[in-house]
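Novice: Give the three-dimensional model of this entry:
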Amino acid sequence: MTTIESLNQEIAGVYLKELKSHADDRGFFREIIRKTDNFFDEGGFGQWSHSRMIKNVVKAWHYHHEQTDWWYLPLGHAEVVLFDDRPESQTFGKKMVFHLGEKKFGSMVFEACVKIPPGVLHGLKVLSDEAHLFYITSKTYDPNEEGRFTYNTKVDHDWGADALTVPNDRRDFIPTSTRKPIA
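Specialist: You can find the predicted model right below:
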């Protein structure tokens, strides 16, 4: 059985923080990230973004030279795929697949926040009718720092024939940034 603890061992620097909910008859409260969390100490805060997506949307493959991402999917259900593309990493070439979202979609769906370090390719596919991804980045958006590989190349992963993509996810882009990536 896949657990958060086992996932935290798969790719160096990737970390899933299991979230705790405090519920009563009014709803619930859930803390996502504290600035004192051990997985939030490098890079700090640059930007907070929200992406609303419909079923079968695929966003892949994205990566950064120096930016760290923290993803949280509070509504819906998505398959998340990460691939370590850092030649210097002890987990270089390792692929990680797991599900984020609401527990109502199954026992193998994690209510978690995932840290994605620089150099790790990341993508997702929405499996529910709709999903909302909230993500914090350690840097503000810089188009010369974010790289892309076509969603159905680079990493051996089948997103399915029903994958909905946009032109940005059907092209390669090697960033022009000369900044050195964080290991």
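Novice: For the residue nearest to the spatial centre of the chain, identify the helix or strand it belongs to.
Specialist: Within the chain, the residue whose C-alpha comes closest to the C-alpha centroid is Trp71; the distance, by CA atoms, centre = their mean, is 5.1 Å. Here Trp71, judged by DSSP states H and E, is contained in strand 69-75.
Novice: which helices and strands sit right next to the helix or strand just after that strand?
Specialist: Toward the C-terminal end, the helix or strand that comes next after strand 69-75 (DSSP H and E) is strand 77-84. If contacts are counted by 3 or more CB pairs under 8 Å, 6 or more residues apart in numbering; DSSP states H and E, strand 77-84 sits against strand 95-101, strand 120-126, strand 130-137. Every C-beta, even on glycine, is put in place using the N, C-alpha and C of the backbone.
Novice: So for the first one, what gets flagged as buried?
Specialist: I take that to be strand 95-101. Buried residues in strand 95-101, defined by neighbour count with 16 or more other CB atoms under 10 Å: 96, 98-101.
Novice: re earlier: show me what the residue nearest to the centre of the chain bridges to in the sheet.
Specialist: Counting by DSSP bridges, Trp71 forms beta bridges with Val114, Tyr135.
Novice: so it sits right up against Val80, yeah?
Specialist: Yes. Trp71 is within contact range of Val80, at 7.3 Å (criterion: CB atoms under 8 Å).
Novice: Could you name every residue contacting both of the two?
Specialist: When contacts are counted by CB atoms under 8 Å, 6 or more residues apart in numbering, Trp71 and Val80 have 100, 114, 122 as shared neighbours.
Novice: Take the residues you listed and lay them out in a markdown table including pLDDT and distance to Leu75.
Specialist: What follows is the shared contacts of Trp71 and Val80, written out as a markdown table (pLDDT from 0 to 100; distance: CB to CB, whole Å):
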| residue | pLDDT | distance to Leu75 |
| --- | --- | --- |
| Leu100 | 98 | 11 |
| Val114 | 96 | 16 |
| His122 | 97 | 19 |
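Novice: Now flag whichever of the buried residues of strand 95-101 is closest to Thr153.
Specialist: Taking CB to CB as the measure, Thr153 sits nearest to Met96 out of the buried residues of strand 95-101, at 18.3 Å.
Novice: I'd assumed Ile116 was in contact with the closest one.
Specialist: No. The pair formed by Met96 and Ile116 falls short of the contact definition of CB under 8 Å, at 10.1 Å.
Novice: Can you pull the residues that touch both of those two?
Specialist: For the pair Met96 and Ile116, residues contacting each of them under the criterion CB under 8 Å, 6+ apart are 14, 82.
Novice: Low-confidence ranges, the protein, go.
Specialist: For the chain, the stretches with pLDDT under 70 are 41-43, 177-183.
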